[in-house]
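Engineer: here you go, sequence then predicted model.
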There are 2 protein chains.
Amino acid sequence: MARVVVDVVLKPEILDPQGQAILGALGRLGVTGVTGVRQGKHFELEVEDALDGDALARIADTLLANPVIENYSIRRV
Amino acid sequence: MARVVVDVVLKPEILDPQGQAILGALGRLGVTGVTGVRQGKHFELEVEDALDGDALARIADTLLANPVIENYSIRRV
């Protein structure tokens, strides 16, 4: 068995209201030093070793991310 | 400036209905080889270099994660 992490984030050109809301909250909490926040989705998959990169990319493309507005990265951990 | 990634996931003992829904959908799509899925939140922060680990942990504890039901990890990338 292997563990794979898929992180999905909005494309840079897409507005991220959740990230901006967090940035605003940080300011109201008096936290300084943070100039940008973007929020996305984090998936941890338990997979059989036989599952290759193409299969993982297909899973990410069809189910975990919306390729029109999101980018994703796949890491074996 | 530095980029920091904070990944927030539900604690293992907490039921993850979203992860189970994805696992079910994978089965219906005929994808085999995935035995577990857990979904969480992925944050990418632009921070000033002076912001140290303690400050980042405080941000994660107070705003990004709910320490009662979630664990988080902080990575400088």
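Structural biologist: Thanks, I have the structure now.

Engineer: near chain B, which residues of chain A show up?
Structural biologist: A:1, A:5, A:7-9, A:19, A:22, A:25-26, A:29, A:31, A:33-48, A:50-51, A:55, A:58-59, A:62-64 (Cβ under 8 Å from any Cβ of the partner chain). C-betas here are computed from N, CA, C, even on glycine.

Engineer: narrow the residues you listed to those in strands?
Structural biologist: Among the residues of chain A next to chain B, the members falling in strands (DSSP state E) are A:5, A:7-9, A:34-47.

Engineer: buried ones only from those, please, as a PyMOL command.
Structural biologist: Buried residues among these (16 or more other Cβ atoms under 10 Å in any protein chain shown), as a PyMOL selection:
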select buried, chain A and resi 5+7+8+9+34+37+38+39+40+41+42+43+44+45+47
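
Engineer: what about residue A:66, how many neighbours?
Structural biologist: 11 (other Cβ atoms under 10 Å in any protein chain shown).

Engineer: do you know how far it is from residue B:11?
Structural biologist: Here residue A:66 is placed at a distance of 28 Å from residue B:11 (Cβ to Cβ, to the nearest Å).
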